[in-house]
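> structure for the following, please:
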Amino acid sequence: MGVPGNRIVALVLEEPGAPFFRKRTRSHASAWEELQSRVRTILLPKDEWWIRRMFAGGRDGADGVDGLREMRILEVGRRPFDRAGARAGDRGAAAAGKGCHFERARGHEKVKLEEIHEPPRGGRRSRFVAKGSGIGWFQDHVIGSAHQLRGLTPPVSRLGEGVVLLPWVAGTNVAENPAACDATFVRDAARYVAERARALPLGAQGNVDLEDRKTGWHLLARAFGQSYMMLRSLSYYGLRKELSRIGRWAPRVVIDGRMGPAEWILPEGGGPAVKVDFEEHGFDRRDLSVFDPVVDLAGFSVEHRLPVHLEGLLMSEYVDRSGDVGALDRLPACKMMVCLSRQSELRSQAFDAGCDPREVTIEILELERALSNVANELLASAYRAPNVGGESDRVVAIDGDGVLEDSVLGFNAMTPAGVKAVRTFVAHGWQPILATGRSLREVADRCRALGLRGGIAEYGAVLWDAEREAATVLQTHAESADLRRLRRTLAQYDEFVVDPAYEYSVRLYHVNPSGSRKPVPVTWVEDLLRRWKLDGLRVIEGKGQTDVVGMTTNKGEGLRYWRRRSGVREVAAIGDTMEDLPLFRAADRCFAPANVRADLVAAMGAGSLRVVRGRTQRGLLQIAREVAHGATGCSRGCDDVDPGEGREAVSILVKALGLRDRSRLQKLRDLANRDALKSLRASL
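Numbering: from 1, shown residues only. Modelled structure (predicted):
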């Protein structure tokens, strides 16, 4: 590893029954002797060795850290010292922000210190943070990183074995002041990542994806492997090998690993934001083991929920300072890694850490929306249609879930076939709009990504006009009041989660103590509406959730309003569930993919609904070609586009997103290789 042996410290719990100690009692004690000869070993009486005890020793005058004895200890612990203002080194400050926050798998104790200088030295008071850093090489890493990053982070000094000292930075963190996440702050973050990459480079060994470790590529391979359904385990190694090529030529550096709002302090006296906890994240058992600085940029964008223009500023500033011209192409994959890693943390730790399952679920839902945006924006940019928002007197209303998107990957996302369908409609004079039960914000995000003029959101309760960036509410005031009453009522039930992203409807989940979610039974919700006399509402049974909307709300009313306002002469509609029946009745032509519900086909009657052979996005593309081309071929080259031409990282990710478009036979052919056999052996 290149680490001096005397800087490796083995911390061993002294349990006589453990296999390690049973080995010592045998005649062949070579393993123990070899360990003692190569590294320093500290035997730890169980539950006795803690940095907190060292700090307490210094406070009480007992054996502890010598440097603490002349200072007054103000606080000890891993939680925020001051909810009103967290300081340098305070990772737990995130709890003061929005959402659910919890300790990571690995954390360090810390204390806040005050040193008082009596006259004649001026009666000056200085404050510091002392924190655990890890013993041996881990502490060397902390001090060495701080030295290389001087000017960007607080200075660090060695206070004792396993303990370092940092100055107390007076100010507030960005979690407490979200408005501080402006262009200036974004430039500071880009500068920090670029300078860190220059100061802390890694050698060539960082270029290899370690297949025996759960790295970021492992997370991506698992997610995209869902495209193979029951055969997903056979796809793992092949996908991982292909996806890891995205970062093949990326710079390799000691990344930060945590770029969230609680990691940045805004000094009271002004000046650039100060990055704290800059040194320890590379050793957490849940880190990505991907040493691309774009991972830090992706983490910053995701955790701060940057809008498009600020993310663009972040990337352009970083590229200008670092010269890393491939960073933009790697950003989507890195953002997906960050989101998937965060989801994994939430699901495996949050419930054990005592967080409210409802808050955890809401944060997971936000991460799913972030993943959807990454995938959809990448595909839309790869298959961008010219003049997609142009004027047209023909409109096609496209359902979201089950038609334009699916949730196979664990989050809703389009496929290349879905985006090609939109491109085909536009190329032939049709104006696509969305007609979905998704929230207004999600509809606005998809309109921005695809360049659409607008859409019908939350089952027709509200319309989005992308050109004016304005919403038109169609539900009645009485329905809005009933929905507000319902939200207040549901808040009394700990097992239910109401998605706050839905402003004009109620999207409801039942959450188990384990964190899994499922729909709330429709009969239970209907009974609740009767008991509370919420007669202006109706219940919709969704695939993974239960929705409640106004009694007059439906997609058909939204389409009629759009048609009157736009003055279009012809309207086509594409859907797959009974909630699309009003949409079909408001349209001139109706289409459905092969996954259409049988009750919808029966309700439409013979001859009034055209059902194609393809399912979901492949069916949508088949419909688009049929509507646009008729019985003839296309002379306009609708599919004449090479996604990611000359951009390997983009091309690889687009291909992975397109696995869902492949037929069963094509997927079987994909798996007929050595990597599939390797995956099979690993799964046995």
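> buried sites along the top helix by length along the chain?
Looking only at the chain and at elements set by DSSP state H, the helix with the highest residue count is helix 357-382. Using 16 or more other C-beta atoms under 10 Å as the test for burial, helix 357-382 gives 357-380, 382. (Each C-beta comes from the backbone N, C-alpha and C, glycine too.)
> what about Pro201, neighbour count?
Applying other C-beta atoms under 10 Å, we find 15 residues neighbouring Pro201.
> so, low pLDDT: which residues of the stretch 301-450 of the chain?
349-354, 385-390 (pLDDT under 70).
> now do the helices in it.
308-322, 327-345, 357-382, 416-427, 440-450 (DSSP state H, counting those that start in this stretch).
> what do you get for the stretch 551-684 of the chain?
With DSSP H, counting those that start in this stretch as the criterion, the stretch 551-684 of the chain has helices spanning 555-566, 581-585, 598-604, 616-629, 648-657, 664-670, 674-683.
> quick check: angle from the fifth one to helix 357-382?
Orientation of helix 648-657 against helix 357-382 (axes from the mean of the first three to the mean of the last three C-alpha atoms, to 10 degrees) gives an angle of 120 degrees.
> per-residue confidence averaged over helix 648-657?
Averaging pLDDT along helix 648-657 gives 96.
> check the first one too.
Helix 555-566 carries an average pLDDT of 96.
> mind checking the SS state of Tyr493?
Put simply, Tyr493 is coil when judged by DSSP: H, G, I helix; E, B strand; the rest coil.
> what's around it, how many residues?
Tyr493, neighbours per other C-beta under 10 Å, totals 14.
> go on, the one 10 residues further on?
When neighbours are counted by other C-beta under 10 Å, Glu503 registers 17.
> that one: what's it in contact with?
Glu503 makes contacts with 439-440, 458, 462, as judged by C-beta atoms under 8 Å, 6 or more residues apart in numbering.
> Val156 against Asp140, yeah?
No - using C-beta atoms under 8 Å, Val156 is not in contact with Asp140; the gap is 11.4 Å.
> who has more neighbours, the two?
Legend: neighbour count by other C-beta under 10 Å for Val156 and Asp140, higher for Val156 (25 against 16).
> find the nearest non-adjacent residue to the more buried one, please.
Ala146 (3.6 Å; C-beta to C-beta, 6 or more residues apart in numbering).
> and that neighbour, how many neighbours does it have?
Ala146: 19 neighbours (other C-beta under 10 Å).
> what's the spacing between it and Leu200?
11 Å (C-beta to C-beta, to the nearest Å).
> repeat for Gly171
25 Å.
> quick one on the thing from earlier: any chance of the helices of the stretch 551-684 of the chain in JSON lines, with mean neighbour count and distance to Arg488 too?
Formatted as JSON lines, those follow (neighbours: other C-beta atoms under 10 Å; distance: least, C-beta to C-beta, whole Å):
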{"stretch": "helix 555-566", "mean neighbour count": "20", "distance to Arg488": "27"}
{"stretch": "helix 581-585", "mean neighbour count": "22", "distance to Arg488": "29"}
{"stretch": "helix 598-604", "mean neighbour count": "14", "distance to Arg488": "34"}
{"stretch": "helix 616-629", "mean neighbour count": "23", "distance to Arg488": "37"}
{"stretch": "helix 648-657", "mean neighbour count": "21", "distance to Arg488": "40"}
{"stretch": "helix 664-670", "mean neighbour count": "13", "distance to Arg488": "48"}
{"stretch": "helix 674-683", "mean neighbour count": "15", "distance to Arg488": "48"}
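> right, and these - which one's nearest Pro519?
helix 598-604 (17.7 Å; C-beta to C-beta).
> who touches the closest one?
575-578, 580-581, 584, 590, 592, 609, 611.
> CA-only coordinates of it in CSV, if you can.
Only the C-alpha atoms of helix 598-604 are listed here, as CSV (Å, rounded to 0.1, in the frame of the first residue of the first chain):
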residue,chain,number,x,y,z
ALA,A,598,-58.0,-4.5,-20.2
ASP,A,599,-60.8,-2.5,-18.5
LEU,A,600,-59.7,0.6,-20.5
VAL,A,601,-59.9,-1.3,-23.7
ALA,A,602,-63.4,-2.6,-22.8
ALA,A,603,-64.6,0.9,-21.8
MET,A,604,-63.5,2.4,-25.1
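> what is the mean pLDDT for that helix?
Mean predicted confidence for helix 598-604 is 96.
> so what's the gap between it and the chain middle?
From the chain centre to the centre of helix 598-604 is a distance of 38 Å (C-alpha atoms, centre = their mean, to the nearest Å).
> kindly report the same for stretch 552-571.
35 Å.
> show me how this protein divides into domains.
1-47, 169-350, 392-474+554-629, 477-550 (the TED database).
> how close does the residue lying closest to Ala380 once chain neighbours are set aside get to Asp580?
Leaving aside its sequence neighbours, Ala380 sits nearest to Ala449 (C-beta to C-beta, 6+ apart; 4.3 Å). Distance of Ala449 to Asp580, computed by C-beta to C-beta: 22 Å.
> now swap in Trp562 and tell me
15 Å.
> now swap in Arg488 and tell me
From Arg488 to Asp580 the distance is 31 Å (C-beta to C-beta).
> go on, Arg213?
Arg213 is 46 Å from Asp580, by C-beta to C-beta.
> these two: which has the busier surroundings?
Asp580 (29 against 11).
> so where's the stretch 1-150 of the chain uncertain?
1-7, 9-110, 112-124.
> one more time with 50
Along the stretch 1-150 of the chain, segments meeting pLDDT under 50 span 16-28, 45-50, 58-64, 73, 75-106.
> how about the residue most central in space within the chain, what does it touch?
The chain has Cys339 as the residue nearest its centroid, 2.3 Å off, counting by C-alpha atoms, centre = their mean. Each residue near Cys339 by C-beta under 8 Å, 6+ apart is listed here: 302, 367, 370-371, 374.
> follow-up on the earlier one: of the contacts of helix 598-604, buried ones?
575-577, 580-581, 584, 590, 592, 609, 611.
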